[in-house]
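S.K.: Here is a sequence with its predicted model. Questions after.
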Protein chains: 4
Amino acid sequence: MFHHSLPIQIRFSDVDRFGHVNNNAYFAYYDLGKQEYMRAVLGPDVFDSEIIPVVANINADFFLPLHYGDTVCVETAVTHLGNKSFTLEQQAVNIATGEVYCRCRTVMVCVRRSDGQSIPIPERSRRLIEEYEKGAAN
Amino acid sequence: MFHHSLPIQIRFSDVDRFGHVNNNAYFAYYDLGKQEYMRAVLGPDVFDSEIIPVVANINADFFLPLHYGDTVCVETAVTHLGNKSFTLEQQAVNIATGEVYCRCRTVMVCVRRSDGQSIPIPERSRRLIEEYEKGAAN
Amino acid sequence: MFHHSLPIQIRFSDVDRFGHVNNNAYFAYYDLGKQEYMRAVLGPDVFDSEIIPVVANINADFFLPLHYGDTVCVETAVTHLGNKSFTLEQQAVNIATGEVYCRCRTVMVCVRRSDGQSIPIPERSRRLIEEYEKGAAN
Amino acid sequence: MFHHSLPIQIRFSDVDRFGHVNNNAYFAYYDLGKQEYMRAVLGPDVFDSEIIPVVANINADFFLPLHYGDTVCVETAVTHLGNKSFTLEQQAVNIATGEVYCRCRTVMVCVRRSDGQSIPIPERSRRLIEEYEKGAAN
């Protein structure tokens, strides 16, 4: 299901006083995954455009504690394309063992930066995402 | 519904390049709210104990962009006490206008630090939380 | 020497796995102190202007470990006003005991945002800072 | 002079509202460089030991703004070994162009974790660092 994977550089400041990576650090990892997915699928100028994807909902399950020194990657897929919104699934996975530390579903809405109004997903973006997810599946 | 409120000090580093507070910053705010709630309701030594609450699920809705300079507080309530788990509702609210920027439901599980096993919510904690939420309601 | 003081809200994520506030967290605290100093002395629109102060050098001494739960404030003073640059002294102080955890000297340069060139400190800003530091001394 | 280099993964949250990497983010990068240097030179168990290096002073010069999307590495060297303290030089460098964004000198002191007292640098660590810096020079 996941065709996009990004290795994550864990920072010292991600680790809390219990020796675990703080839950909140995952969201920074997911952001990196999102950015690289968008860059890979939609091209480099995606964030200079007038339309930006804005987060509407985040739903994350935490399964296992992650420790400093573990090697982890974030896997990203767009699993649903609506009219104005789309859904991303992401998970943080141990590169060595395949264990899943955390899984997250994010609903994003396309917004016109000038006036903050939600607008339909641009056709070109929709097609590129569909092709990526399908093509990657083959 | 919310009887616990904590004003938040927004940091420069919370603000992204679009001039908005980054979505992830809310989770640091919610952590502060959680900590202060626990401290207020369960007493100061709650985090030195052998039982720690661990986040199992976070589900957050983002309604409005928050800007540096806005005055914001986090409101926190425990809305459900299960056997081993409990649910927190939290929201980030504009202190001046009452507008809600973001709302979050967090499911936490009580875990024994020594072996990582989930265990029932300690009776004393359960009673203190129930009393706080009820008492506060009057 | 310090006439400006700002209480700091320590975050859970500031604390490292040794139970101490991470050294880097101080710089976020100092940023807050800087911002509030500028706002208090120069007025609210200082950061919308075409001239921004850019950090050229940071020099920080770390004296004592700071723990989550300690009450801390950041004290800020402008101690030198050059032609294009100025120097800030800041320290993180225990509100209860007066102990100094960390002291920092920051050299900032006024830069024109449009072309990134350094320019003289605006006369109005210079006068307001001089008056604040002098007036506060009385 | 620098024989240790670590590529850095810039995070979205490192970027401020002016489109630049926040000055404070460099200190997280330097921490990563420090950790990897210690791990490479002193071995993997260095941070489980009873002796931890504690930061006494940080002195950083900021030369150029760093943007999201730039490829950057942190270069690290130990340039002085005293009795109880040692000095690290680090710089953040554009991998493509070699431009130096920021340079930092950090003085660290060896501290016994049990009582917080400063103690001489362990002989084994001293020798391994000297050999690394010399050997790397050939």
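M.R.: Noted; the coordinates are in hand.
S.K.: quick one: contacts for residue A:36?
M.R.: Listed by Cβ atoms under 8 Å, 6 or more residues apart in numbering or on different chains, the contact set of residue A:36 reads A:4, A:6, A:76. Glycine gets a C-beta too; all of them are placed from N, C-alpha and C.
S.K.: my guess is residue A:19 meets residue C:15, correct?
M.R.: No: counting by Cβ atoms under 8 Å, residue C:15 is not a contact partner of residue A:19; they are 12.0 Å apart.
S.K.: quick one, which of those two is more surrounded?
M.R.: The residue with more neighbours, out of residue A:19 and residue C:15, is residue C:15; 22 against 11, by other Cβ atoms under 10 Å in any protein chain shown.
S.K.: Report the secondary structure state of the nearest residue in space to residue A:117 that is not next to it in sequence.
M.R.: Leaving out its chain neighbours, the residue that sits closest to residue A:117 by Cβ to Cβ, 6 or more residues apart in numbering or on different chains is residue A:111, at 6.8 Å. With DSSP: H, G, I helix; E, B strand; the rest coil as the basis, residue A:111 sits in strand.
S.K.: try residue A:79
M.R.: strand.
S.K.: Next, the contact list for the nearest residue to it once chain neighbours are set aside, please.
M.R.: In space, and not counting its chain neighbours, residue A:79 is closest to residue A:89: 4.9 Å by Cβ to Cβ, 6+ apart. With contacts defined as Cβ under 8 Å, 6+ apart, the neighbours of residue A:89 are A:1-2, A:76-79, A:103-105.
S.K.: of the contacts of residue A:36, closest to residue D:31?
M.R.: Ranked by distance to residue D:31 (Cβ to Cβ), the contacts of residue A:36 are led by residue A:6 at 21.1 Å.
S.K.: now the nearest residue to residue A:33 once chain neighbours are set aside, which residues is it bridged with?
M.R.: Nearest residue to residue A:33 in three dimensions, chain neighbours excluded: residue A:74, at 3.6 Å (Cβ to Cβ, 6+ apart). For residue A:74, the beta-bridge partners under DSSP bridges are residue A:6, residue A:92.
S.K.: how about residue A:74, what does it touch?
M.R.: By Cβ under 8 Å, 6+ apart, the residues touching residue A:74 are A:5-6, A:8, A:29-30, A:32-33, A:90-93.
S.K.: and if you look at residue A:11?
M.R.: When contacts are counted by Cβ under 8 Å, 6+ apart, residue A:11 touches A:25, D:28, D:31-32.
S.K.: which among those residues end up buried?
M.R.: Taking 16 or more other Cβ atoms under 10 Å in any protein chain shown as the criterion, what is buried in these is A:25, D:28, D:31-32.
S.K.: returning to what we had before: ok, and the most crowded of the contacts of residue A:36?
M.R.: Neighbour max across those (other Cβ under 10 Å) = residue A:76, 26 neighbours.
S.K.: pLDDT score for the spatially most central residue of chain A?
M.R.: Here the mean C-alpha position of chain A is nearest to the C-alpha of residue A:34 (Cα atoms, centre = their mean), at a distance of 3.4 Å. For residue A:34, the model assigns a pLDDT of 94.
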